[in-house]
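Q: Need a 3D model of the following:
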Amino acid sequence: MIKAKMILFDKLPASLLCPNNQYIISRVNRIKNDDYRSVSTLAYSLLSQMLSEISGLDISNITIKENEHGKPDIVSNENIHFNLSHTNGAVCCVLSDSPIGIDVERIGNIRSLISDKCFTPSEAMLIKSPSDFYALWTLKESYFKALGTGINKPLKNIEFTLATPIECRDSGVPVLFKFYSTIIESYALSITSEDVFSPSDLIISHI
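A: Below you'll find the model as predicted:
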């Protein structure tokens, strides 16, 4: 089971209530920047909504803890995995019954310095447009998020193709995860999962 939702917004709602969960409240309250705190609150509100709709869970009754690498996990329901991502104008949430990672980025200019440091020569040859750049970038981010380790090795150790199906090698070894990447309006969205993700399981809404 994999379900994902993406919210696009030009302006955040004037008032956002933080979900009633001790971990989430503590995490959101640590954020000093008002805009970032509001976007993070929206992302957790989306998580709360999805947990209720898909798994019948009340977020106030679940226990979330960070692993040794700082990735939050639902420890009171080990069969439910989630991941969040947000960028300027968009938040995403994905639920699965196995490890999962999601990343979204607003498509901008190609960042040459990052490209030189993060992409292998083979990947660099795939970059024909900003969309290609951000597809590869979000694939790498979603992969590390699915692993739950944080970026613990050089990004050049991870090499993706943009063919169908997308393939990945980690330090030369084929990766068994499944990968999904798409462009939605002006955003690149990528998901790394143990099972194949169906585009029909992605719901997009505007506020």
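Q: Do you have the strands of this protein handy? List them.
A: Ranges of strands within the chain are 2-8, 64-66, 72-74, 81-87, 90-96, 100-106, 158-160, 168-170, 173-174, 178-184, 187-193, 202-206, based on DSSP state E.
Q: so which of the ones you listed is the most packed in?
A: Mean neighbours per residue, mean count of other C-beta atoms under 10 Å, is largest over these for strand 187-193, with a mean of 26. No exception for glycine: its C-beta is placed from N, CA and C like everyone else's.
Q: so how far is that strand off the chain centroid?
A: Relative to the chain's own centre, strand 187-193 is displaced by 7 Å; criterion: C-alpha atoms, centre = their mean, to the nearest Å.
Q: can you state the direction angle for that strand and strand 178-184?
A: On the basis of axes from the mean of the first three to the mean of the last three C-alpha atoms, to 10 degrees, strand 187-193 is oriented at 170 degrees to strand 178-184.
Q: mind starting the numbering at 40 from now?
A: All right, first residue 40 from here; so that's strand 226-232.
Q: List the neighbours of strand 226-232 that are in contact with it.
A: 41, 43, 45, 47, 126, 128-129, 131, 133, 135, 137-146, 170, 173-174, 176-178, 180-182, 184-185, 216-222, 236, 241 (C-beta atoms under 8 Å, 6 or more residues apart in numbering).
Q: what number of residues lie near Pro204?
A: A count of nearby residues for Pro204, using other C-beta atoms under 10 Å, gives 9.
Q: Mind giving me the packing neighbours of the lowest-mean-pLDDT helix or strand in the chain?
A: Using mean pLDDT, DSSP states H and E, the weakest-scoring helix or strand in the chain turns out to be helix 151-157, at a mean of 74. Counting contacts by 3 or more C-beta pairs under 8 Å, 6 or more residues apart in numbering; DSSP states H and E, helix 151-157 is packed against helix 169-186.
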